[in-house]
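**Student:** only geometry, no sequence info:
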């Protein structure tokens with residue numbers, strides 16, 4: 001293990017005045033690829049560089065070792081400890097730890113993932129996270145990638161070799177969490193993850209691939225999980241990809257099929273003037289995680305927070321806790337919102353690109369994690385009726401679902417919620433939900449109502465699928481006709497099957513596919529076989 005401090009090369013230099021801002025995801029299309037190989041320097045240049053380094057070393061020695069240790073620019077306040085041998089490390093990442101001088105027993109741990117062109121020290125020095133760790137007593141693990149993995153030092157959130165459970169970079173980060181648990185006795189029930197930009201997209205990966213490890217996460221200027229399954233990373237970044245909440249949620253379920261919940265809580269932070277990762281991605285992230293929690297996409301509570309009146313939307317679980325929140329920061333572009341200062345809600349620095357003066361997001365994120373002692377959000381009041389137990393489906397048809405549950409003493413009736421929205425107020429069980437589409441799945445909860453009609457704590461969820469809707473096959477139809485028939489859509493010259501959003505190729509009359517429709521309105525490519 002070795003201590004490391006930031007050198008002047010630890011952060012990328014600011015862009016010259018008047019030049020367009022660099023993207024922490026790497027060069028734009030036409031100017032390179034976020035996953036291309038770095039260009040080798042000419043041999044002569046490499047030899048000259050080696051000579052200059054040796055000459056500089058001799059000069060420093062002659063000066064009496066004035067610069068015997070690593071350089072630390074003025075204002076650098078964070079020392080990180082590098083950890084070697086934390087695991088097999090299939091993703092070839094580096095692990096750094098910030099451990100406050102004073103920690104409680106079984107402390108929480110927060111994993112922090114930097115953006116492209118950054119490193120662990122840059123993120124530590126500017127994000128404000130170490131300040132919050134000192135105040136609130138938690139361990140920080142900074143994962144760091146290198147130009148050997150990605151020429152722009154991006155986490156490879158878009159590659160299946162790195163964004164799947166047990167593989168590549170995702171597996172390396174999981175091993176860091178296991179190491180922290182062993183070395184620092186961190187609390188496995190209070191393990192969290194956050195990140196900026198590509199690190200934000202990698203945060204989505206970790207929440208989806210390891211819902212059994214992370215209790216919550218915060219995605220800053222990031223993207224939904226597995227957005228690149230059917231399209232490229234730049235399309236995902238801007239203009240973004242539109243899917244239904246159910247389709248987004250299914251991508252997360254597919255990341256760990258054996259997991260049925262509970263799902264991590266998620267905070268989503270995005271600048272409303274971001275031109276690198278379109279703000280639309282905040283909405284798609286919201287759709288992905290509210291659907292997983294069985295909630296509607298309408299917030300249960302809204303407010304303004306911080307000195308810049310950041311717009312907060314909170315999506316409440318049945319017990320009143322905040323399952324998902326969206327924080328829309330006004331007037332800023334792509335980066336981590338910080339608010340330098342010594343006030344109780346201030347933190348961070350603007351000493352490197354992509355740290356933007358506005359609001360101390362790390363303060364609010366650590367509070368969302370419950371690290372300020374507040375817990376994950378308000379629970380039910382003392383007068384609320386308890387949640388009904390034993391919610392089950394007792395009958396299913398093509399268009400209806402019958403539900404039953406155990407009655408609650410003192411209840412005057414019940415509220416039934418389908419996919420997070422209230423659909424009925426029966427006086428007692430059972431209840432039959434009708435008018436549904438054949439072959440569709442829905443998530444239900446039930447709450448008891450008091451004499452004033454106020455619903456108490458919601459029950460555990462049950463997911464039920466209607467019957468029917470035999471598959472319909474549309475064989476050998478060209479892409480142009482598939483779009484005209486409403487079975488597919490176009491985006492950037494390509495065609496995507498409705499529902500599954502599978503890439504069908506170019507928008508023309510020459511490319512043909514067979515589409516299978518099941519349930520109604522959901523199409524998948526079935527060229528090999530369509531019953």
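**Tutor:** All right, it came through fine. Only a predicted model underlies this, so the values are computations on that prediction, with no experimental measurement involved.

**Student:** start to end distance for stretch 199-217?
**Tutor:** Its start and end residues considered, stretch 199-217 measures 12 Å (C-alpha to C-alpha, to the nearest Å).

**Student:** chain center to it: distance?
**Tutor:** Centre-to-centre, stretch 199-217 and its host chain are 6 Å apart (C-alpha atoms, centre = their mean, to the nearest Å).

**Student:** hey, where'd the strands end up in the stretch 401-531 of the chain?
**Tutor:** Here the stretch 401-531 of the chain has its strands, by DSSP state E, counting those that start in this stretch, at 401-404, 413-418, 421-424, 431-433, 441-449, 455-458, 462-465, 472-478, 488-491, 494-497, 503-506, 512-517, 523-525.

**Student:** The stretch 151-300 of the chain too?
**Tutor:** In the stretch 151-300 of the chain, the strands defined using DSSP E, counting those that start in this stretch lie at 191-196, 216-220, 265-271.

**Student:** got TSV for the ones you listed, with mean neighbour count too?
**Tutor:** All C-beta atoms are positioned from the backbone trio N, CA, C, and that covers glycine. Converted to TSV, the strands of the stretch 151-300 of the chain look like this (neighbours: other C-beta atoms under 10 Å):
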stretch	mean neighbour count
strand 191-196	29
strand 216-220	29
strand 265-271	26
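
**Student:** out of those, nearest to residue 468?
**Tutor:** Closest approach to residue 468 among these is made by strand 265-271 (33.9 Å; C-beta to C-beta).

**Student:** strand partners of the closest one, parallel vs antiparallel please.
**Tutor:** If you go by DSSP bridges, strand 265-271 pairs up with strand 216-220 (parallel), strand 322-329 (parallel).

**Student:** ok, and what's touching the first one?
**Tutor:** Going back to what we said before, that points to strand 216-220. Contacts of strand 216-220 with the rest of the structure, by C-beta atoms under 8 Å, 6 or more residues apart in numbering, involve 192-197, 199-201, 203-204, 206-207, 264-270, 285, 336-337, 361, 365, 368-369, 376.

**Student:** can you give me the angle it makes with strand 191-196?
**Tutor:** Between the direction of strand 216-220 and that of strand 191-196, the angle (axes from the mean of the first three to the mean of the last three C-alpha atoms, to 10 degrees) works out to 0 degrees.

**Student:** what's the distance between residue 245 and residue 152?
**Tutor:** Using C-beta to C-beta, to the nearest Å, one obtains 32 Å as the distance from residue 245 to residue 152.

**Student:** now residue 237
**Tutor:** 13 Å.

**Student:** out of the two, which sits in the busier spot?
**Tutor:** residue 237 (29 against 25; other C-beta atoms under 10 Å).

**Student:** Skip the chain neighbours and tell me the closest residue to that one.
**Tutor:** Distances taken as C-beta to C-beta, 6 or more residues apart in numbering put residue 277 closest to residue 237, at 4.9 Å, once the chain neighbours are dropped.

**Student:** What backbone torsions are found at residue 400?
**Tutor:** Residue 400 has phi and psi values of phi -150, psi 160 when expressed as degrees, to the nearest 10.

**Student:** so what pLDDT did residue 164 get?
**Tutor:** The score at residue 164 is 97. That number is its pLDDT.

**Student:** re earlier: let me have the strands paired with strand 265-271 in JSON lines, adding mean pLDDT and distance to residue 178 as columns.
**Tutor:** Written out in JSON lines, the entries for the strands paired with strand 265-271 read as follows (pLDDT from 0 to 100; distance: least, C-beta to C-beta, whole Å):
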{"stretch": "strand 216-220", "mean pLDDT": "98", "distance to residue 178": "17"}
{"stretch": "strand 322-329", "mean pLDDT": "96", "distance to residue 178": "26"}
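
**Student:** what's near enough to touch residue 485?
**Tutor:** Neighbour list for residue 485: 474, 477 [criterion: C-beta under 8 Å, 6+ apart].

**Student:** How about the contacts made by the residue nearest to residue 438 when sequence neighbours are not counted?
**Tutor:** Nearest-residue entry for residue 438: residue 468, 3.4 Å, with adjacent residues in sequence omitted and distances by C-beta to C-beta, 6+ apart. Taking C-beta under 8 Å, 6+ apart as the definition of contact, the neighbours of residue 468 are 397-399, 438-439.

**Student:** Buried only: go through those residues for me.
**Tutor:** 438-439 (16 or more other C-beta atoms under 10 Å).

**Student:** Turn the contacts of residue 468 into a markdown table, columns for pLDDT and distance to residue 231.
**Tutor:** Rendered in a markdown table, the data for the contacts of residue 468 read as follows (pLDDT from 0 to 100; distance: C-beta to C-beta, whole Å):
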| residue | pLDDT | distance to residue 231 |
| --- | --- | --- |
| 397 | 90 | 37 |
| 398 | 84 | 34 |
| 399 | 86 | 34 |
| 438 | 75 | 30 |
| 439 | 71 | 26 |
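
**Student:** I'd like the contacts of residue 468 written out as TSV, with distance to residue 304 added.
**Tutor:** Putting the contacts of residue 468 into TSV (distance: C-beta to C-beta, whole Å) gives the following:
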residue	distance to residue 304
397	46
398	46
399	43
438	44
439	43
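
**Student:** With adjacent residues omitted, what lies nearest to residue 335?
**Tutor:** In this structure, residue 335 finds its nearest non-sequential neighbour in residue 354, 3.7 Å apart by C-beta to C-beta, 6+ apart.

**Student:** should've said residue 110
**Tutor:** Closest residue to residue 110 apart from its sequence neighbours, by C-beta to C-beta, 6+ apart: residue 192 at 4.8 Å.

**Student:** coming back round to it: which one of the contacts of residue 468 sits closest to residue 428?
**Tutor:** Taking C-beta to C-beta as the measure, residue 428 lies nearest residue 397 of the contacts of residue 468, at 21.5 Å.

**Student:** looking at it, the closest one is touching residue 466, isn't it?
**Tutor:** Yes: if you go by C-beta atoms under 8 Å, residue 397 and residue 466 touch, sitting 6.8 Å apart.

**Student:** can you count the residues close to residue 449?
**Tutor:** Residue 449 has 19 neighbouring residues, counting by other C-beta under 10 Å.

**Student:** next one: residue 492
**Tutor:** By other C-beta under 10 Å, the residues close to residue 492 number 11.

**Student:** Next up, the contacts around it.
**Tutor:** residue 235.

**Student:** what does residue 498 give?
**Tutor:** Neighbour list for residue 498: 486-489, 521-523 [criterion: C-beta under 8 Å, 6+ apart].

**Student:** Same question for residue 310.
**Tutor:** Contact criterion C-beta under 8 Å, 6+ apart gives 304, 327-330, 337, 358-359 as the residues in contact with residue 310.

**Student:** you'd agree residue 112 is up against residue 139?
**Tutor:** No: assessed by C-beta under 8 Å, residue 112 is found out of contact with residue 139, at 10.8 Å.

**Student:** If you count surrounding residues, which of these two has more?
**Tutor:** Residue environment comparison for residue 112 versus residue 139 gives the larger neighbour count to residue 112, 27 against 23, counting by other C-beta under 10 Å.

**Student:** What separation is there between that one and residue 182?
**Tutor:** Distance, residue 112 to residue 182, by C-beta to C-beta: 19 Å.

**Student:** now the helices for this protein?
**Tutor:** Chain-ordered helices for the chain, with DSSP state H as the definition, fall at 43-62, 120-127, 129-136, 168-184, 198-209, 233-237, 245-255, 280-292, 361-368, 479-484.

**Student:** from these, which stretch is densest packed?
**Tutor:** helix 198-209 (a mean of 30; mean count of other C-beta atoms under 10 Å).

**Student:** so for it, what's the average pLDDT?
**Tutor:** 98.

**Student:** quick one, it and helix 245-255 angle?
**Tutor:** Using the same axes, to 10 degrees: helix 198-209 against helix 245-255 is 80 degrees.

**Student:** got the angle between helix 198-209 and helix 168-184?
**Tutor:** Between helix 198-209 and helix 168-184, the angle comes out at 80 degrees (the same axes, to 10 degrees).

**Student:** and helix 198-209, what does it pack onto?
**Tutor:** Helix 198-209 is packed against strand 109-113, helix 168-184, strand 191-196, strand 216-220, helix 245-255, with contacts defined by 3 or more C-beta pairs under 8 Å, 6 or more residues apart in numbering; DSSP states H and E.
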